[in-house]
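[1] Sharing a model that was predicted from the sequence below.
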Amino acid sequence: MKNIIVCSCLFIAMMAACKSKETKNVVQEDTTPAVNGNGTRITFPKAEGTGFFQTERISSTALMADIAAPAKVSATVIRSEEGASGNIVLFDNPELSGNYTQLLQHLTMINQIQNINIRQRKTELARLKDLQEHGAATGKDLLESQTALSMEETNLINERSAIIEHETKLKAGGFEPRELRSAPAGTAYVICDIPESEINKVKKGSQCTIQFTAFPNDNFTCRIDDIADMVDQTTRMIKLRVTVNNGTGKLKAGMFGTVAFGLSEGKNLSINKDALITIQGKNYVFVKTGSNDFERREVSVGDQIGDRIIAYNGLKNGDDVVTKGVMQLKGLSFGY
C-alpha cells in the first residue's frame, strides 16, 4: 500500500514538472500597437484588438439648429361691433396704432379723390368743353374747371405721399399694411427678432412653434409669414412676423412668448462631438482605414448643432470616424 502511494506521488510530480516546462516554452504574443508617421497612423497586431473602438460612417446631411427667440403679440384683429366696413386692429404700440389709423384715413381720402372728385371734375370739364364749342360757355369757365381738376390731382399726389411715412413705420414694426387691412377677425400677429447673422438661414414659410407665458401648457404651431426689409441699426436684429389663429380671442395684444424654429445649416459633413480632440489649437479626428488600422486627420470645423459638429476639411463621405476610444488613440498618437 505504501509503495502504491509513493508511486502515485512520483507520477503527479512528474506531470507537474512536464506541464511547467511546456508553459515556459509558450511564446507571449506582442499586442502593442505600431505607431508610424509621427503618430498619424496606428496599427494593431490583430483586428480583435480594435473591438473596443466604435466608429460612425459620415455623410453629407442637412442640419437644423433649433433657435428660440423672445416674441410678443404685437397686434390682434377683432370684428367691429359698429358695423364698420373693416375690422379693428389693436396694436400693443400706440405709435403704430396712430400710424395705422392715419394710413386708413389717407387711403379713404385717396379713394374719395380718385374715384369721385377727379371723375366729377373730368366730367364737368368735358361738359364745359362741349358747351364752349357751341358758344354756351366762356373761356373763363373752362379755365376754372381745368384748375379745379388740377387741384384734385395735386391733392391725390399729396395724399399718396403722406401714406409713405405711415407705411414705413408699420413695416419697421414688422407689419405689412396691405395684409393688415385684409386680415380676418380672429387673427393675432406675433413679432420676434433674430440676429442679422442668422437671416440667411431663415425662410418665409418655415414652420415654428410658439409658447406664450400666459399659456405655458399650450404650443401653437405656425409658419413664418414675413421677414422685415430692414435691420435695426442699434441691435442688428431683424423682425419676423408669424400669424396665429386667435379665433377664441385668448391671445391679447402685448402678451409675451417664445418662438422656436429650426435654422437650416445647409448640407454638410458632420461628426459626433465625442469624435473631436483639440491639441494646441488644432482639431483632429481618428478614421478607421482598415480592419486594424487607424489614421489621425486634422479637420476644420464649424458650428455645433446639438451633438453634431460641422466638418469642412479633412474628411470625405463614407469615412469611418472613431466615436468611442478616442482618448486611447490620442494617447498612442501624441504620446500622452
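    Looks like it arrived, so ask away.

[2] which regions of the stretch 51-200 of the chain sit below the pLDDT cut-off?
    Across the stretch 51-200 of the chain, the ranges flagged by pLDDT under 70 are 62-66, 83-85.

[3] hey, where'd the helices end up in it?
    In the stretch 51-200 of the chain, the helices defined using DSSP state H, counting those that start in this stretch lie at 94-112, 118-133, 139-172, 177-182.

[4] report the longest strand in this protein, please.
    Looking across the chain with DSSP state E, the single longest strand is strand 61-78.

[5] domain ranges for this protein?
    34-60+269-334, 62-93+186-266, 94-172 (automatic domain parsing).

[6] show me what contacts residue 70?
    192-193, 256-259 (C-beta atoms under 8 Å, 6 or more residues apart in numbering). All C-beta spots, glycine's among them, are computed from the backbone N, C-alpha and C.

[7] Most neighbours out of the residues you listed, which is it?
    For the contacts of residue 70, neighbours were counted by other C-beta atoms under 10 Å; the highest total belongs to residue 192, with 26 neighbours.

[8] Could you list everything the nearest residue in space to it that is not next to it in sequence pairs with in the sheet?
    Distances taken as C-beta to C-beta, 6 or more residues apart in numbering place residue 71 nearest to residue 192, at 3.7 Å, with adjacent residues excluded. The partner list for residue 71 in beta bridges (DSSP bridges) reads residue 192, residue 257.

[9] I'd say residue 71 and residue 258 touch.
    Yes - the pair residue 71 and residue 258 qualifies as a contact (C-beta atoms under 8 Å) at a distance of 6.2 Å.

[10] what touches both of those two?
    residue 210.

[11] Other residues contacting stretch 97-115?
    86, 89-91, 152, 155-156, 159-160, 162-163, 165-167, 169-170, 177, 180-181.

[12] Could you do stretch 190-197 as well?
    Outside stretch 190-197, the residues touching it (C-beta under 8 Å, 6+ apart) are 67, 69-74, 173-174, 202, 210, 222, 231-232, 235-244, 257, 259.

[13] Okay, buried residues for it please.
    Of the residues in stretch 190-197, 190-194 count as buried by neighbour count, 16 or more other C-beta atoms under 10 Å.

[14] Is it possible to get those residues out as a markdown table so that each row also shows distance to residue 311?
    Shown next, in a markdown table, are these (distance: C-beta to C-beta, whole Å):
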| residue | distance to residue 311 |
| --- | --- |
| 190 | 36 |
| 191 | 36 |
| 192 | 31 |
| 193 | 31 |
| 194 | 26 |
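
[15] And the furthest pair within the residues you listed?
    Using C-beta to C-beta, the pair of these lying farthest apart is 190 and 194, separated by 13.2 Å.

[16] okay but residue 203 is in contact with residue 223, surely?
    No - contact criterion C-beta under 8 Å: residue 203 and residue 223 do not qualify, at 9.9 Å.

[17] OK, contacts around the residue nearest to residue 192?
    Contacts for residue 71 (C-beta under 8 Å, 6+ apart) come out as 190-192, 210, 242, 256-259.
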